[in-house]
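> Sequence first, then the predicted structure, then my questions.
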Amino acid sequence: MDGLSQPIFTQALPADDSQQSAPSQAVTQPGPVASTSTAPVAAPEPAVLVQAEPAAPPPPPINPSSAPQQPGQSAFHPFPEQDPAALPLTGFASIPARAAVLPNAQGYTRPTPYEAPNVELGAGLSREAPMRRFVNDAEIEASRTNGQGDLARQPGVVHEEKIQSLTVDQLRKMGVGRLPSGFCYSARMTLHAPLPRTVNENDPHPEQPARIQGIFNKLSNGGLLARMIRVPVREVLREEVMLVHSEGHWDRVRATGFQTIEYLETCKEFFERLSLYVNPDSAFCARLSCGGVIEMARAVAEGQIRNGFAIVRPPGHHAEPEEAMGFCFFNNVSVAAKWLRTVYGSGTQKDVNGKEIKMNRILILDWDVHHGNGTQRAFEDDDDILYISLHRHGNGFYPGGDYGALESVGSGRGRGFSVNIPFLNEGMGDADYLYAFQRIVMPIAYEFAPDMVLVSAGFDAAKGDELGKMLVSPDGYAHMTHMLESLAGGKVLIALEGGYNVNSIAVSAHACVKVIVGDELPVMNSLGAASLAATNTVHEVQRMQANYWKCMGEAVETAEELSKAGKIESLADILKAHRLYELFHEYSLFNVEFSSPSLEEAYHDQLLLSENVYDSDVLLVFMHDLGSMKAAYTAATLDTDLERTQLLDTSREVLDWAIMDWGFGVIDVNLLAHLPTVRNQGVDPKRDRAREKELALYIWDNIVELSNAQHVILLGSGAGCHALMEIVRNRNHQLKKRVRACISVLGHEPPPELDASSGVRPWYKTNSLILLPSTHPLHEDARRAGKHQKKFGNVYRATAEDESRPTHLLRASMPKIKEFIASKIPLDQLKAPSTSSGEDVVMADSADAAPATAAAKIEEIVPVVENGGGDGGAPAVAAATTAPN
């Protein structure tokens, strides 16, 4: 549909005859954006729009056709005054309808037809190659005699004798020997500011004009701008924006510039739902911001500057093809990337040195702390533009949802060209980011071999930014910039995105600019090692991206390919069988089959019971991970070096204490976290969490409830903590009578949360013990310790010994666990079993015979299932009480 033949926002207005415009003249759309290296783009003829001014429309009805939702677009619940049964309005399409239903609504003003500004692209920069020459007296004299004038006075020419008297800083300011860097900035972009009545004067909006003012002043006062070329800023053209966004989106953003302040204040609540604010100058500033990034990209591509920093706002990486959101209107970097491909993709353009410009492959590196949902969506199925993002993800962090998870890798021919590195925790610092750069970003970037690198440089991961809550230092940003300069022959364009602490973004931008102008790289003496959370994330991303990039592990083979070489055995099944054999002979623990087919399929050989599980006074329910596999492998083939691979079983000390020292009844459940619970199917977190809940309740209902134990201890480690919490949530009335302690030992993952609706928070507060490493994020916010205690229980720091290695946390926590249990259960009144060597032998011998009392009780309690392997389907006892061979 021609955007000029119908009123803007037609999908949100009633389609009655009174609001239809008169037939307009045909408008010829301009063709693709032409090359700008030789001539400016001519402005298209303005369209003539003949339209009668309609009367003030009544409030438009809300119906399912009023707001077609775009893929990935956020849906909002209807406002109170709207029909709850109708489809919620979404995006800018609902602005007129939203204002119309409010009391004292202001009239909506329709914008005039679009007329492209008559701008000369690249104005203000020389199109000639800069001269960098050293001359002597003879050359100068020769230039005077052949009519060339005084050679020594020409730009870029330095007398060879003078060069010895110049300092390094003076030479750098002259740009001698190489192209200078560039920057763009316009004070007009500070016009985008919140309306006075929509904000609190004492609490400025995070996306404030001072962001670019602070950066500009920091760079200017530091003398960096004097060493750079200023690239003029101009407005982006509609045809350029439409390389990424729809014409309707262009029209909707442009229309905000024609509204009154009173009208925009009326729409305040709606804009806040999109994390936006708008004033009559916002659309103009958005055009300047996008146009400035394009001009910087053109100057780098044509060789007028070596690299550059675009000091622009509003930011852009959240803006989707059909939606403005997250402080963003136009996606600046995405538009610039498409512009480069459109203008220079044919390979017929020449730079200022006469070399052919190649812009076929563009890398967009987004280190903003928020995922650039708009940028990834713009290139979802594009294999010529690689998008890599490092960001916080999960727990509702903006923009929320699953888009931006490590599994989000693009679609169609663009599959694998979206690389997301989602940090799940706050507090990530330099070591974490540089580790991700070295293991993921740079290897994939080298394999991709881009022609230019565009950096969506949000500095909200900087230390001091309260929204991002990350700890990246200016030196960390400098080192990331330095690594990117090794790509694309140094053609790097850094464009400002987020970052809402003015001081943090100023010093971070200053560190990046010092690198691109050629200053020495800062030394990082206290970098330290990457955190466990970061290394886990990087490892998971490597596993995912190994399907698309050779540098991530080219030898990853499918099960179908491996089956052609021989029989495939699951390592998980091998480890479970080994553990079953060992624990039977060491502790007389018996394997028990499940009467539930789904549980048997998911957890076979993972439920082990002691022979006194129904008779002991104290029963320990111990749910834990398998342990930690310490594997060595060859980088070329990813084959595991079996001679150097070891299994660290962290559960033995618990079993020694519970069985050998005190003779407790034990239910041992090995969950094998992060492995699929259904054979030949991948990991499904939702399905696996549902299976864990089913498993925990099955154990409680079929074993714990039927035991004679007066004291029950729930002990979870790793993934077992979430399973045990399902017992607390769903069997609260029964557990209050018998459970004396509920203990969880976790690494850096969030502990399971107990809802207030469960009704057991007071009991859990008294009987819980949550042990976390001292570096866990929950310990950092002491102000919310009371809230943490309500939601998670009694949270303590684990013992300092070995807490840097989470595999040792359980052992390091055992003294605290024993002390806590002793305070809840009168262990001194219980008779501990003798540990003499003679009785040990008797116990081992009796295990082979399987005592009749325990075996009989197990056979009596556990239901029977059909034996699929017997003749005629004869029933068999579900509880397997025989030892493995």
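Done, it's in.

> use CA for all of it now, contacts and neighbours both
Will do.

> quick one, what contacts the nearest residue in space to L589 that is not next to it in sequence?
Among residues not flanking L589 along the chain, S610 sits closest, at 4.6 Å (Cα to Cα, 6 or more residues apart in numbering). By Cα atoms under 8 Å, 6 or more residues apart in numbering, the residues touching S610 are Y587, S588, L589, F590, G665, V666, I667.

> Try it again at 10 Å.
If you count contacts by Cα atoms under 10 Å, 6 or more residues apart in numbering, S610 has them with 583-584, 587-591, 616, 619, 659, 663-668, 847, 854.

> of those residues, buried ones?
583-584, 587-591, 616, 619, 659, 663-668, 847, 854 (16 or more other Cα atoms under 10 Å).

> Quick check: which ranges of the stretch 601-750 of the chain have low pLDDT?
Low-confidence segments of the stretch 601-750 of the chain, defined by pLDDT under 70: 633-638, 672-687.

> got the residue ranges for the helices in it?
652-655, 685-699, 720-730, 732-738 (DSSP state H, counting those that start in this stretch).

> If you count neighbours, what's buried in the shortest one?
The neighbour-count check on helix 652-655 (16+ other Cα under 10 Å) flags V654, L655 as buried.

> same question, stretch 308-323
308-323.

> what do you get for stretch 351-369?
Going by 16+ other Cα under 10 Å, stretch 351-369 has these buried residues: 351-352, 357-369.

> Confidence-wise, which of those comes last?
Lowest pLDDT among the buried residues of stretch 351-369: V352, with 82.

> Surely it touches E302?
Yes - V352 lies in contact with E302 (Cα atoms under 10 Å); the separation is 6.0 Å.

> which element follows the helix or strand where S456 lies toward the C-terminus?
Per DSSP states H and E, S456 falls inside strand 452-457. As assigned by DSSP H and E, the chain's next helix or strand after strand 452-457 is helix 474-484.

> so that following helix versus strand 452-457, what angle?
Relative orientation of helix 474-484 versus strand 452-457 (axes from the mean of the first three to the mean of the last three Cα atoms, to 10 degrees): 160 degrees.

> average pLDDT for the next helix or strand after helix 474-484?
Following helix 474-484 in sequence order, the next helix or strand is strand 492-496 (DSSP H and E). Averaged over strand 492-496, pLDDT sits at 97.

> what ranges do the helices span in the stretch 101-250 of the chain?
137-145, 168-174, 210-221, 238-241, 247-255.

> Might one say that V241 is in contact with S289?
No - shown here, V241 and S289 do not form a contact pair, counting by Cα under 10 Å, at 11.7 Å.

> pLDDT weak spots in the stretch 1-150 of the chain?
For the stretch 1-150 of the chain (pLDDT under 70), the answer is 1-106, 126-135, 140, 143-150.

> nope, the stretch 451-600 of the chain is what I was after
554-562.

> Please name the residues that touch the residue nearest to A210 when sequence neighbours are not counted.
Spatial nearest neighbour of A210, chain neighbours left out: V502 (6.8 Å); criterion: Cα to Cα, 6+ apart. For V502, the contact set (Cα under 10 Å, 6+ apart) comprises 206-215, 459-460, 464-465.

> Let me see the domain layout of this protein.
Using automatic domain parsing, the domains assigned to the chain come out as 179-552, 579-872.

> among those domains, which is the most enclosed?
domain 179-552 (a mean of 21; mean count of other Cα atoms under 10 Å).

> Any idea how far it is from the middle of the chain?
Centroid separation for domain 179-552 versus its chain: 15 Å, with Cα atoms, centre = their mean, to the nearest Å.

> Endpoints of that domain, how far apart?
End-to-end distance of domain 179-552 (Cα to Cα, to the nearest Å): 35 Å.

> and S289, how far is that from V236?
The separation that S289 has from V236, given Cα to Cα, amounts to 8 Å.

> got any residues that touch both of the two?
Shared contacts of S289 and V236 (Cα under 10 Å, 6+ apart): F330, N332.

> Of the buried residues of stretch 351-369, which belong to strands?
Members of the buried residues of stretch 351-369 lying in strands (criterion: DSSP state E): I362, L363, I364, L365, D366.

> closest one to T766 among the helices of the stretch 101-250 of the chain?
Among the helices of the stretch 101-250 of the chain, the nearest to T766 by Cα to Cα is helix 210-221 (48.3 Å).

> tell me the mean pLDDT over the closest one?
The model assigns helix 210-221 a mean pLDDT of 94.

> Tell me which residues are up against that helix.
183-187, 189-190, 193, 222-227, 310-314, 496, 498-511, 513-514.

> all strands of the stretch 601-750 of the chain, in order?
All strands of the stretch 601-750 of the chain, identified by DSSP state E, counting those that start in this stretch, fall at 607-609, 618-624, 628-633, 640-648, 665-670, 711-717, 739-745.
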